[in-house]
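Student: Give the three-dimensional model of this entry:
(2 chains)
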Amino acid sequence: MGMWLFLFTELILFGGLFIVYAVYRYSHPEQFHLAAMELNTFVGTVNTIILLTSSLTAAMSITAIREGRKGFAIGLLSMTVVLAMAFMVNKYFEWGHKFELGIYPKSPEMLAKTPGEILYFGLYYTMTGLHALHVVIGVIVLLVIMRMIARDVITAQSYVRLEAGALYWHLVDIIWIFLFPLFYLLH
Amino acid sequence: MASQSSIAAAVEPDFYTAAHSRSGLMSWLLTTDHKRIGLLYFASMMVFFIVAVIFGFVMRLEMLSPGQTVVEPQTYNTLFTLHGIMMIFLFVIPGLPAVFGNFMLPILVGARDVFFPRLNLLSWWLFIAGGLLAVVSLFLPGGAADTGWTFYVPYSIRTSTNVIPAVTAAFILGFSSILTGLNFIVTIHRMRAPGMSWYKMPLFVWALYSTAWVQVLATPIIGITLLMVVVERVFGVGIFDPALGGDPVLYQHLFWIYSHPAVYIIILPALGVVSEIIPVFARRTIFGYKFIAYSSIAIALFGSLVWAHHMFTVGMSNTGMFVFSLLTFLVSIPSAIKVFNWVATLYKGSILLEAPMLYILSFIVQFSIGGFTGLMLGALAVNIHVQDTYFVVGHFHYVMFGGTGFGLFAAMHYWFPKMFGRMYNRRRAAVAWFLTTVGFNLLYFPFFFLGYLGMPRRYYDYLPEYQTYHVISTVGSWVLVAGLIILFVNLLIALKKGEKAPADPWGGKTLEWTIPSPPPVENFHTIPTITRGPYDYSHVQEHATERP
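Tutor: Next up, the predicted model:
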């Protein structure tokens, strides 16, 4: 129950940003449309698939531990971590490309754009940045949990912590599920 | 009763003296005992409180006469900013839930500890980290923040002072507040003693429960908002910066979506304390138990929907203003239900004027004044006239200090014997009550006149015609501080030299009075089974007359 409540607070945390997004999208619809064209839908889609798969392996690890298959559970979790890394690498190149084009806060190219576009990219960096931060935290949590499994702190009898960790990972996933259409798909 | 508990105490050492896995200071700093964590909060909070009182005192001194009196204008800006941040984030928000909630909640519901004891310790450490950061930001190069506790953009983005540390401090404190709220909700749901149904819970627990929900649901918004201010300052993404197309009014909305409910985080536990203390000292069952319990929930609910009444002058649509004004009026209904129920409880009760009760009586009057002026502010026409004047400052000090502050003093005097196992000098406590009440009203009542006459808040200087009221107010601050000194000295003396307190010095019927003072480590030998309501005084008539 505590974990669910905590996830709730995380959702509200992002909820604040979604409100800001909604307000500015409402006030600058054309400029948001224009800016959204700049994003690479292909990279976004790949990242979505990566994250969804990572959630799947996290969920499978719970079933694995319940059946007492310790090694398999750790294997599945390391899959999740590897996929998370892949997500981050992708993100790095995506951001890097934007920076090369001069799209970053306070850059001369950026200041020449319309207010709506500036806001769009400002929000893009803030929201995906905060999400990326959550990915990193999630990876750390999963690594700690893997250690606990290895040391038999988490076992087939008591796997509440693994469940909590996996729940957190699903949260990271679901936030992305909302970010992806808002920034990449909605033109 | 008394002899019984002293036998129990002889068998079982209290939580101060009981053997502990760690010794000395570490046994406190790394404790997971909810009682010790409560006291840790108590001690740290009092330090912040005293510092913030000194800031307020200096501000009042500055306002004694027009022009420069004791401090520079920039220092004055810093003073009101830090006074606000410290009083709000470090004193009144954590005040009742973190100190008395932590100490009493598990005992009141008949549990041995909160549901997540280690998380509880983490909350305290975050609290300390945030508090220290706020203090450190004072001394860092660049100068202390001067934005006011509201951090309004665009000024908070432009000023060269240390806004980032101050904002980060508030962010960390918010995190601590969320974790405490979360812990309390789970504790109340999962750890009530057998037989303690929802309607047998003490009303303080109901109040903490509604508070905890507001903490959990509203605090993340301020978290993200303050985070956006930091991002804005560091990277200049333009979310709130009008030069880049951002909208500062949006910041105000987001800020108040949290900060108005925060007002209810502050006041709700105090309302709970009042409902707890009144039946004990009136020797009567509380009048309208369910109404009080549900009005806590109603206040939490309505209170979360009225944020924009802080912003009637920013240029909202008329419909928006009308709706928010109406909702603001609606909050007063559950608040008034509580006040009427308290008065009805007192009616024909055999009232004992002990220190906690005295503070409660001041509370009821001051809270009502605060509430009425709140209604005046909620009315659109009046609001335009007094927006950002001393009227607003007077209003919220009546609610925050006259309400929550006095509720906290009442709780301190009520639970002091239980927490420390000693009694304080009752005469001195009464003197302290008299001085704080007189001083408080002398200090803040003139604010209403000043505000109505047009004295704007946060101004360093003023026109000579306002001076009379400012002088009265400053004199009031001296009386108030004198009262506070007596209050604390009295309790400190009691801590050292007070006579031993019995298990139940007031004749209370809730669970904390059934265990020795101070409580043993595990609170209860055997978890009690609850058969009666929390304020059942039908059997204690003779006990009341026996008291010395």
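
Student: B:Tyr424 in helix, strand or coil?
Tutor: coil (DSSP: H, G, I helix; E, B strand; the rest coil).

Student: And the nearest residue to it once chain neighbours are set aside, how close does it get to B:Phe329?
Tutor: In this structure, B:Tyr424 finds its nearest non-sequential neighbour in B:Ala494, 3.6 Å apart by C-beta to C-beta, 6 or more residues apart in numbering or on different chains. Yep, even glycine has a C-beta here, placed from its N, CA and C like the rest. Separation of B:Ala494 from B:Phe329 (C-beta to C-beta, to the nearest Å) stands at 44 Å.

Student: neighbours around the residue nearest to B:Ala308 when sequence neighbours are not counted, how many?
Tutor: Using C-beta to C-beta, 6+ apart and skipping the chain neighbours, the partner closest in space to B:Ala308 is B:Phe324 (4.4 Å). Number of residues near B:Phe324 (other C-beta atoms under 10 Å in any protein chain shown) recorded here: 21.

Student: B:Ile107 sits in which helix or strand?
Tutor: helix B:102-108 (DSSP states H and E).

Student: and the residue in chain B that chain A sits nearest to, what pLDDT?
Tutor: The minimum distance from chain B to chain A, using C-beta to the nearest C-beta, falls at B:Gly245 (2.3 Å). Per-residue confidence (pLDDT) for B:Gly245: 75.

Student: Contact partners for it?
Tutor: A:28, A:114-116, A:118-119, B:238 (C-beta atoms under 8 Å, 6 or more residues apart in numbering or on different chains).

Student: List the contacts of the nearest residue to it once chain neighbours are set aside.
Tutor: Spatial nearest neighbour of B:Gly245, excluding adjacent residues (C-beta to C-beta, 6+ apart): A:Pro115 at 2.3 Å. Listed by C-beta under 8 Å, 6+ apart, the contact set of A:Pro115 reads A:28, A:31, B:238, B:244-246.

Student: which of the contacts of B:Gly245 are buried?
Tutor: Neighbour counting by 16 or more other C-beta atoms under 10 Å in any protein chain shown classes A:28, A:115-116, A:118-119, B:238 among those as buried.

Student: need the residues you listed in TSV with distance to B:Phe139, can you?
Tutor: Shown next, in TSV, are those (distance: C-beta to C-beta, whole Å):
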residue	distance to B:Phe139
A:His28	42
A:Pro115	38
A:Gly116	42
A:Ile118	36
A:Leu119	36
B:Gly238	31
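
Student: State the number of residues packed around B:Ser538.
Tutor: 8.

Student: How is it classified with respect to secondary structure?
Tutor: From three-state DSSP, the assignment for B:Ser538 is coil.

Student: roughly how far apart are the residue lying closest to it once chain neighbours are set aside and B:Gly508?
Tutor: Setting aside the residues directly before and after it, B:Ser538 is nearest to B:Thr285 in space (C-beta to C-beta, 6+ apart), at 7.8 Å. Look at B:Thr285 and B:Gly508: by C-beta to C-beta, they are 13 Å apart.

Student: got the contact list for A:Ser55?
Tutor: When contacts are counted by C-beta under 8 Å, 6+ apart, A:Ser55 touches A:80, A:169-170, A:173.

Student: cool, and B:Ala144?
Tutor: B:Ala144 neighbours (C-beta under 8 Å, 6+ apart): B:78, B:81-82, B:137-138, B:161-162, B:166.

Student: Have a look at B:Ala494 and B:Phe329 and say which one is more surrounded.
Tutor: Using other C-beta under 10 Å as the criterion, B:Ala494 and B:Phe329 rank with B:Ala494 on top: 20 against 16.

Student: Contacts only, for that one.
Tutor: Here B:Ala494 is in contact with B:416, B:420, B:422-425 (C-beta under 8 Å, 6+ apart).

Student: repeat for B:Pro220
Tutor: Contacts of B:Pro220 (C-beta under 8 Å, 6+ apart): A:9-10, A:12-13, A:15-16, B:174, B:178.

Student: Roughly how far does it sit from B:Tyr460?
Tutor: B:Pro220 is 35 Å from B:Tyr460, by C-beta to C-beta.

Student: Same question for B:Ala193.
Tutor: For B:Ala193, the distance to B:Tyr460 - C-beta to C-beta - is 55 Å.

Student: Of these two, which one has the most company?
Tutor: Taking other C-beta under 10 Å, B:Ala193 and B:Tyr460 do not tie; B:Tyr460 has more neighbours (19 against 16).

Student: and that one, what does it touch?
Tutor: B:62, B:73, B:76-77.

Student: now do B:Leu82
Tutor: By C-beta under 8 Å, 6+ apart, the neighbours of B:Leu82 are B:52, B:55, B:134, B:138, B:144-145.

Student: one more time with 10 Å
Tutor: Residues near B:Leu82 by C-beta atoms under 10 Å, 6 or more residues apart in numbering or on different chains: B:51-52, B:55, B:134-135, B:137-138, B:144-146, B:149, B:166.

Student: what about A:Glu67, how many residues close to it?
Tutor: By other C-beta under 10 Å, neighbour count at A:Glu67 equals 11.

Student: Skipping adjacent residues, who's closest to it in space?
Tutor: Among residues not flanking A:Glu67 along the chain, A:Ala156 sits closest, at 7.1 Å (C-beta to C-beta, 6+ apart).

Student: Checking the one you found next. Helix, strand or coil?
Tutor: coil.

Student: wait, isn't it in contact with A:Phe72?
Tutor: No: counting by C-beta atoms under 10 Å, A:Ala156 does not reach A:Phe72; the two are 12.0 Å apart.

Student: Touching both of the two, which residues are there?
Tutor: Shared contacts of A:Ala156 and A:Phe72, counting by C-beta under 10 Å, 6+ apart, come down to A:64-65.

Student: Where does pLDDT dip in chain A?
Tutor: For chain A, the stretches flagged by pLDDT under 70 are A:187.

Student: who touches A:Trp95 in this structure?
Tutor: Per C-beta under 10 Å, 6+ apart, neighbours of A:Trp95: A:103-104, A:124-125, A:128-129, A:132.

Student: my bad, A:Leu171
Tutor: A:3, A:6-8, A:10-11, A:14, A:55, A:134, A:138.

Student: so who does the nearest residue in space to A:Tyr124 that is not next to it in sequence touch?
Tutor: Computed as C-beta to C-beta, 6+ apart, the closest residue to A:Tyr124 that is not its neighbour in sequence is A:Phe183, at 5.7 Å. Going by C-beta under 10 Å, 6+ apart, A:Phe183 touches A:21, A:32, A:35-36, A:39, A:41, A:44, A:120-121, A:123-124, A:127-128.

Student: mind checking the longest helix of chain B?
Tutor: Scanning chain B for the helix with the most residues, using DSSP state H, yields helix B:248-282.

Student: average pLDDT across it?
Tutor: The model assigns helix B:248-282 a mean pLDDT of 90.

Student: could you point out which element follows it?
Tutor: helix B:289-303.

Student: got the CA positions of that following helix in CSV?
Tutor: Extracted C-alpha coordinates of helix B:289-303, given in CSV (Å, rounded to 0.1, in the frame of the first residue of the first chain):
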residue,chain,number,x,y,z
TYR,B,289,-18.2,13.0,16.9
LYS,B,290,-19.1,12.0,13.3
PHE,B,291,-19.6,15.6,12.2
ILE,B,292,-16.2,16.6,13.5
ALA,B,293,-14.6,13.5,11.8
TYR,B,294,-16.2,14.2,8.5
SER,B,295,-15.7,17.9,8.6
SER,B,296,-12.0,17.2,8.7
ILE,B,297,-12.3,15.2,5.5
ALA,B,298,-14.6,17.9,4.0
ILE,B,299,-12.1,20.7,4.8
ALA,B,300,-9.3,18.6,3.2
LEU,B,301,-11.5,18.1,0.1
PHE,B,302,-12.8,21.7,-0.4
GLY,B,303,-9.5,23.2,0.8
